[in-house]
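A structural model of the following input is requested.
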Amino acid sequence: MVQPASTLKAAQREAAREVTFLMGRHEGRPTRRGLGAPVRVGFLDDGAGGHPMATLLSSRSGSGGGRGGKTRLALLLSLLWVAGGEGHSATRPASFWARLIGLPDPQGTGARAINSTWAELETRGFVSIRRSRVSGEVPTVTLMNEARPGQPYQTPTGEEGDRYLRVPERLWTMGKLDQELTGAGLAMLVIAIRTYDMANRKQSLTFPAVTFKERYGLGESTRKKGLQNLVDLDILDRSDSLTDDDGGFGRRMRPRNTYEFVSLGLDN
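Numbering: from 1, shown residues only. Presented below is the predicted three-dimensional model:
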């Protein structure tokens, strides 16, 4: 039975409320995790020619990742939000993660997709998993360094060489991480947040094709389809503007597509 999108969104928002409850948000206690998932800039571009996010989106054979790539990225970002605090670990059933990333049938096929995705993330060095010898017990998943897969995780400092961005928790609490958001769209959302920070939080964002693949390791199809997906979902608004490569008013100005965030509350 196909579940309506509204049902999946409601399940996702409920799972997100469970996360914020455990953070103590219901008591009004401030928390850094309440700002969203911390993602190292090196996850997008490690500065040495590696692109962990692009690799994660692709199959191990190097071909396109399809829905599996989107699930891997969504699950890792969700773990960074849930387990980014002390311990960097989470012990949650697969059905919870399926709800949190908007998978249909969270008790059945969704849970099985989560279990296989955890195994793949472990193989790729993004997480480590401690499994119980008792059948049916929930495993504990621990973060590894998302910018340096296979290395132990530590909370990013924000200092040079360890810069990070935050994917807003509204991605989960507003039910935006659903089936309509594609893998390309999710990747471009992370890149758009990075671009927003690089532009000193100015709203006019550009994504020049000439530097895109070198910077992020993703192809032109991902750039175009991802941006269109975010526009269709009213996460970004697109307009034509006369700007330079950085969305400003410097040299080499010409007509370009520029984008502005219209949801997710990045200014909050």
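
so what's the residue most central in space within the chain closest to, chain neighbours aside?
In the chain, the centroid-proximal residue (C-alpha atoms, centre = their mean) is residue 77; its distance is 4.3 Å. For residue 77, ignoring the flanking residues on the chain, the nearest one in space by C-beta to C-beta, 6 or more residues apart in numbering is residue 37 at 5.3 Å. All C-beta atoms are positioned from the backbone trio N, CA, C, and that covers glycine.

what's across from the one you found in the sheet?
residue 167 (DSSP bridges).

who touches it in this structure?
77-78, 80-81, 84, 166-167, 169 (C-beta atoms under 8 Å, 6 or more residues apart in numbering).

Any idea how many residues pack against the closest residue to residue 90 other than its chain neighbours?
Closest residue in space to residue 90, ignoring its immediate chain neighbours: residue 83 at 4.3 Å, by C-beta to C-beta, 6+ apart. When counting by other C-beta atoms under 10 Å, one arrives at 23 neighbours for residue 83.

Quick check: the gap between residue 83 and residue 161.
Noted for residue 83: a distance of 23 Å to residue 161, by C-beta to C-beta, to the nearest Å.

cool, residue 137 as well?
39 Å.

The chain: helices as residue ranges?
5-22, 52-57, 66-82, 94-100, 109-123, 170-173, 183-198, 209-216, 220-232 (DSSP state H).

what packs against the third one?
Looking back up the chat, that one is helix 66-82. Packing contacts for helix 66-82, counted by 3 or more C-beta pairs under 8 Å, 6 or more residues apart in numbering; DSSP states H and E, involve strand 37-40, helix 52-57, helix 94-100, helix 109-123, strand 140-143, strand 164-167, helix 170-173, helix 183-198.

Make a markdown table out of these and add distance to residue 18 and mean pLDDT.
Formatted as a markdown table, the helices and strands packed on helix 66-82 follow (distance: least, C-beta to C-beta, whole Å; pLDDT from 0 to 100):
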| stretch | distance to residue 18 | mean pLDDT |
| --- | --- | --- |
| strand 37-40 | 16 | 96 |
| helix 52-57 | 25 | 96 |
| helix 94-100 | 7 | 97 |
| helix 109-123 | 16 | 96 |
| strand 140-143 | 16 | 96 |
| strand 164-167 | 18 | 95 |
| helix 170-173 | 10 | 94 |
| helix 183-198 | 22 | 95 |
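
Could I get the ones you listed in a markdown table, plus columns for distance to residue 210?
Rendered in a markdown table, the data for the helices and strands packed on helix 66-82 read as follows (distance: least, C-beta to C-beta, whole Å):
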| stretch | distance to residue 210 |
| --- | --- |
| strand 37-40 | 25 |
| helix 52-57 | 17 |
| helix 94-100 | 37 |
| helix 109-123 | 32 |
| strand 140-143 | 34 |
| strand 164-167 | 23 |
| helix 170-173 | 29 |
| helix 183-198 | 15 |
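
of these, which approaches residue 10 most closely?
helix 94-100 (9.5 Å; C-beta to C-beta).

The closest one packs against which elements?
Right, helix 94-100 is packed against helix 5-22, helix 66-82, helix 109-123 by 3+ C-beta pairs under 8 Å, 6+ apart.

and of these, who's closest to residue 186?
It's helix 66-82; of the helices and strands packed on helix 94-100, that one is closest to residue 186 (C-beta to C-beta) at 5.5 Å.
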